[in-house]
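Q: model the structure of this input:
(chains A and B)
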Amino acid sequence: MHWADFRAQRLSERDVPQVIVSGITPSGEFHIGHLREILTAEMIHRACLDAGLDSRYVFIVDSMDPLRRVYDFLSPEYEKYIGVPLAYIPSPNPDGTPSTGSVSYAEYFLNPFLESLREIGVFPEIEMNHEAYEDGRFSEKIDQAICNRKEIREIIMTVSGRELPEDWFPYSPRGPNGSMDGVKVTDYEYPFVSWVNEDGVTGTADIRKADGKMPWRIDWAARWIIHQVTCEPAGKDHGAAGGSFDTGIPICEVLGGIPPEKIVYEWIQLKGMGPMSSSSGVTIGPMEALSLVPPEILRYVIARSKIGRHIEFDTGSALFEMADEYERLLSRVETGEISKRMQTRIDTRKGALRLSQVVRNSDPSDSIAGVSFRHLSMLAQIKSSDEEVWESLRNSGHLSGNPSDSLVVRLTKMRNWIGGSHFPEDARIIIQSVIGDDFRENTSEEQKIFLRRLSKSLEDCEWNQDSIREVIRECTSICELVPRDGFSSLYWALLGRGHGPRASALISEMDKRVLIDLLSGV
RNA sequence: GGGCCUGUAGCUUAGUCAGGUAGAGCACCGGGCUUUUAACCCGGUGGCCGGGGGUUCGAAUCCCCCCGGGCCCGCCA
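A: Coordinates of the predicted model:
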C-alpha cells in the first residue's frame, strides 16, 4: 500500500471531515524542498478523496511570521523590518532594496510558487495566516493560551527541555514600528495586551487584530483547532524529540483541541552536478525544475519515496532513470506467481503512479511519451527541428502518427535541459574536432582503412541519411569488416567513444567538409 | 549531551509495521534484430540483507549491543 493510502486509511478512523494542511514561511525564494512539504500533504489529501473521504487541502502561508534577519539577497534597509510580519513589509526589488509597490514581501515570494503548484496540479485553499489574526479568528485561542500560560510554559519546558523565563508570555505584541522585537508584555485584560518596548514606549495590542502573534509552538497548536486540521506532515526539524510537534500535541489539548497524528518527512537533498552543486550554495527552484522535468515526473520523485527517506534530487543522469522508470511501470505486466511481497510492491507503485498524475484520476498511460528519456535526449541533440525528431521516432517505431501532447512537452523540456548546465556530460553528444588518442588506442589498422575509404566515398555522397547509411554499409562490406566494428571505429573518430546514436543520422547533421577533414586525420 | 532517519547486488532501491527459502531497475556480459551499434527483443552473471548476540521450528523483518552514513535540537520556522 502506498504511504498516502496508508495515511488516508488511518485518518478514516477519525470520522470527521479531513483537513490536510501544509505550512510554509515565505521568507525567501521557494525551493524544491518545499515541494515535498506540499506534495506529501496533497497526496494524502488525494488518497483521502480516493478512499471516499471528505477532504480539503489547505496551504497555510505563514505570512504573520516576522522577518528574522537581513538575508543576503536583501539590502541593509531591511534592518528596520526585522521582527515585522512578512505580510506587512514591502517586497524587495531585484537589487534587494525595498520596493514601493503594493505587493507584500510574503506575496512576492509566494506568487510564483503558487504558479508552479498549478503546473503540477496542486490547487490548495490558500490561507494567509496574518488574515486569521486580522479577522480575530485567533483571539479565543490567544485568550486561552494567556490564561493557561503557566501550564503551556511548563509543557514547553518539560517536553523541549528548554528554560523559559518566569514572565514568559504566549503572545508577542507588535511595537510602534510594527516589530515584535524587544517588546515586553506588562499586563493583560481581554482583549488588550499591554506592552512596553526598549525605549520605554508603552501601548496595547488588541488580540482580535493583527497587533501581535503567538510564538510558533503555540501558534501551530492553535491553528490545528482553528482550521480543524486532521493531518499536517511536518519537516524533520519539527519532528526531533522535544520539537514543535511534541509540544504542539499537548498544547493543542490544553487549548481544547484534538491534535493531528505526528507525521514527519525527510528533506530533499540536492545532488550536485557540474556547476550546480550544493557546496556552491546554488539551489534549484520549483520553476527551474519544471522547465526541465515534466510535472508528472516531478510528482513521481516525491510519490515514489517513502516519507521517511531522504530524496536526492538529481537533475543529472539519475533523471533519465527516474523518467524511464516511470514509463516502465506503466507498461510492465507482472507474470508468473505473485508472492505477497511482490503484490505489496506492485500496489505501492501503482499508488505512486496514480498520485503522480497532474490531473487527479486521469489515466497514467496518457502521460507516457513512449520513448525513453535517453533516446529522446539523443534525438534532440542531433535533430535541430522537432519535426525531424518525430520523423525519426516514426521510423524507429516509437511513434505512429502525430506526437502526443505529453511527448511534445517532453521534447521542449528536454531541449531546455540539454541547453542548460544540469544536463549530464556523459549524455552530451560532442563531435570531436580532431582525432584523439582514444581513437588510436581503440581501433585496428583494418578499421582505419575502412574510415579512409569511407571518407573518400562520402565526398561524392548525397547528404542525406539514406545515402550516407548506404555508403557506410558498402564500405564495411568492401573492407570485409563486421558492421559492428565499422560503426565502432566511426564513433571513436566522431565522438571519442565506442558507441553512439545512429551514425547516418549523426553524420547527416554534420557539415560534410568538417566531417571529411576530421576523418582525414585517421 | 538528547533525538530522528538510514545501512539489502558495482549503483539506485523493494520487501521491515502484520517473521516463512531476498525482488526490481540501471550498469555489465551473452544472443537476436541480415537499414537504426545511446533504438528494440531475449537471456545471464552478480546479495553470508553493516557487524555481533538473543527470541523462534524458521529472522533482512522482532529484541539488545556495536559500527558506518545523513540530519535535527537558542531564537525562529
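Q: how about the residues of the stretch 401-522 of chain A near RNA strand B?
A: Counting by C-beta under 7 Å from any atom of the strand, the residues of the stretch 401-522 of chain A close to RNA strand B are A:426-429, A:469, A:473, A:476, A:483-488, A:491, A:495, A:497, A:499-503, A:505. For every residue, glycine as well, the C-beta is placed using N, CA and C.
Q: buried subset of the residues you listed, written for PyMOL?
A: Under the burial definition 16 or more other C-beta atoms under 10 Å, those of these that qualify are selected in PyMOL by:
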select buried, chain A and resi 427+429+469+476+485+486+487+488+491+495+497+500+501+502+503+505
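Q: could you report the neighbour count for whichever residue of the stretch 201-350 of chain A sits closest to RNA strand B?
A: Taking C-beta to the nearest atom of the strand, RNA strand B has its nearest neighbour within the stretch 201-350 of chain A at A:Trp216, 1.8 Å off. With neighbours defined by other C-beta atoms under 10 Å, the count for A:Trp216 comes to 15.
Q: can you check the one 3 residues further on too?
A: For A:Asp219, the count of nearby residues is 28 (other C-beta under 10 Å).
Q: is any residue of the strand or helix carrying A:Glu321 near RNA strand B?
A: Using DSSP states H and E, A:Glu321 sits in helix A:318-331. Yes: judged by C-beta under 7 Å from any atom of the strand, helix A:318-331 and RNA strand B are in contact via A:Glu321, A:Asp324, A:Glu325, A:Arg328.
Q: widest-spaced pair of the residues you listed?
A: The largest separation in those, counting by C-beta to C-beta, is between A:Glu321 and A:Arg328 at 9.8 Å.
Q: need the helices for the stretch 251-400 of chain A, in chain order.
A: A:286-292, A:295-303, A:318-331, A:340-356, A:373-382, A:386-395 (DSSP state H, counting those that start in this stretch).
Q: what's in contact with stretch A:222-229?
A: When contacts are defined by C-beta atoms under 8 Å, 6 or more residues apart in numbering, stretch A:222-229 is touched by residues A:16-17, A:19-21, A:23, A:58, A:60, A:127, A:129, A:132, A:137-138, A:141-142, A:145, A:214, A:232, A:248, A:252, A:255-257, A:259-260.
Q: in the stretch 351-500 of chain A, which residue sits nearest RNA strand B?
A: In the stretch 351-500 of chain A, the residue that lies nearest RNA strand B is A:Phe487 (2.6 Å; C-beta to the nearest atom of the strand).
Q: next, give phi and psi for that residue.
A: With angles defined as degrees, to the nearest 10, A:Phe487 sits at phi -60, psi -40.
Q: how about it: what's its closest non-neighbour residue?
A: Among residues not flanking A:Phe487 along the chain, A:Ala503 sits closest, at 5.7 Å (C-beta to C-beta, 6 or more residues apart in numbering).
Q: and A:Met180, by the same measure?
A: That would be A:Ser172: by C-beta to C-beta, 6+ apart, it lies 4.3 Å from A:Met180.
Q: repeat for A:Ser194
A: A:Asp187 (4.0 Å).
Q: tell me the SS of that neighbour?
A: Put simply, A:Asp187 is strand when judged by DSSP: H, G, I helix; E, B strand; the rest coil.
Q: could you do A:Leu494 as well?
A: Going by three-state DSSP: A:Leu494 is helix.
Q: in this model A:Ala505 seems to touch it, though I could be wrong.
A: No: the criterion here is C-beta atoms under 8 Å, and A:Leu494 misses it with A:Ala505 at 11.9 Å.
Q: before we move on, the earlier item: so which of the contacts of stretch A:222-229 are in helices?
A: Counting by DSSP state H, the contacts of stretch A:222-229 place A:Asn129, A:Ala132, A:Lys141, A:Ile142, A:Ala145, A:Gly248, A:Cys252 in helices.
Q: and the residue of the stretch 201-350 of chain A closest to RNA strand B, what does it touch?
A: By C-beta under 8 Å, 6+ apart, the residues touching A:Trp216 are A:Asp65, A:Ser244.
Q: swap the cut-off to 10 Å and go again
A: Applying C-beta atoms under 10 Å, 6 or more residues apart in numbering, we find A:Trp216 in contact with A:Thr25, A:Asp62, A:Asp65, A:His238, A:Ser244, A:Thr247, A:Gly248.
Q: next, count neighbours for A:Ile156.
A: Counted by other C-beta under 10 Å, the residues lying close to A:Ile156 total 24.
Q: hmm, the biggest helix by length in chain A touching RNA strand B?
A: Ranked by residue count under DSSP H, the longest helix found in chain A is helix A:32-50. No: in terms of C-beta under 7 Å from any atom of the strand, no part of helix A:32-50 sits within range of RNA strand B; the closest distance is 9.8 Å.
Q: give me the distance from that helix to the chain's centre.
A: How far helix A:32-50 lies from its chain's middle: 12 Å, per C-alpha atoms, centre = their mean, to the nearest Å.
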